[in-house]
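Student: could you work out the structure for the sequence below:
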Amino acid sequence: MTRKSRRIETWHPDDEVVEPLLRAMHLGRRRVYRQGDFLYSQGEVDPSFYLVLRGHVLVSSMREDGSEFTLETMGHRGVCGEAAAFDGKPSFTSAFALDEVEVIAFRADETAAAFATHPEIAVALLRIASRKQRIIAVRANYLASLKPQARIAELLHRLAEQYGLAEQGATAIGVSLTHQQIAALTGTTRVTVTRALKRLREQGDIAVEDNRVLVPDMKRLMQVAARR
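Tutor: The predicted model follows:
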């Protein structure tokens, strides 16, 4: 079996959802960011939102205690910054280039002016916002859980649904994340993630082969996530 290259992004819209933005790239400006550059920073007002064409963007928020909470890692065709761009308020997140990143930067005011003649752009942005809100709501629900294992199981289940590959009678998660990245995505610590993953393996809820996570039974993993 030929394996697909592994991903590191954790959020990716369906191609049909983002297609109107691809057709409207002439409304934006192409930009390239070097590794380590910020597309936008938390607490600042940015009139633009971004469509990722190449590379990976980490979207995160700094908490009051100084720790970083990762919302998502955006890859090809990921969209970020649209909420703050349209409401004109300071962003509650930062977007950071993990490698060289190429984007189309759309100014919110110019994009909104095109809604009348290109309503499909508005629909695309609404669908993207709706999907993000749904994911955030689910994550907030699990972050309220006292059990880190439930949060981690929910993340693995979501990634398996989004990027899963059928392999050896299981679902192989085609996303490569370190324990530290999983901790940032679930509001836990690296040590907690290591312990939780070990427990999930011992219970047979996941398997790890060649640094890849396999889910033998998706329904069973979701049941683990539901245990509060």
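Student: please report how far the residue lying farthest from the centre of the chain lies from Arg34.
Tutor: In terms of distance from the mean C-alpha position of the chain, Thr117 ranks first, at 30.5 Å (CA atoms, centre = their mean). Thr117 sits 36 Å away from Arg34, taking CB to CB, to the nearest Å as the criterion. Glycine gets a C-beta too; all of them are placed from N, C-alpha and C.
Student: please apply the same query to Pro90.
Tutor: From Pro90 to Arg34 the distance is 24 Å (CB to CB).
Student: of those two, which one has the most company?
Tutor: Neighbour tally, Pro90 and Arg34, criterion other CB atoms under 10 Å: the higher count belongs to Pro90, 13 against 10.
Student: the more buried one contacts Pro47, correct?
Tutor: No: here Pro90 lies out of contact with Pro47, judged by CB atoms under 8 Å, at a distance of 12.0 Å.
Student: how does the chain divide up, domain by domain?
Tutor: Per the record, the chain has its domains at 15-142, 146-225, by automatic domain parsing.
Student: rank those by pLDDT, which is bottom?
Tutor: Comparing mean pLDDT over the domains of the chain, the weakest stretch is domain 146-225, at a mean of 88.
Student: who's Val175 bridged to?
Tutor: Val175 forms beta bridges with Arg7, as assigned by DSSP bridges.
Student: OK, contacts around it?
Tutor: For Val175, the residues meeting the contact criterion (CB atoms under 8 Å, 6 or more residues apart in numbering) are 6-10, 159, 163.
Student: then Met74?
Tutor: Residues near Met74 by CB under 8 Å, 6+ apart: 9, 11-12, 52, 56-59, 80, 95.
Student: Phe69 too?
Tutor: Under the criterion of CB under 8 Å, 6+ apart, the neighbours of Phe69 are 60-63, 184, 187.
Student: cutoff 7 Å now
Tutor: The neighbours of Phe69, taking CB atoms under 7 Å, 6 or more residues apart in numbering as the test, are 60-61, 63, 184, 187.
Student: against Ala184, how distant is it?
Tutor: Distance, Phe69 to Ala184, using CB to CB: 6 Å.
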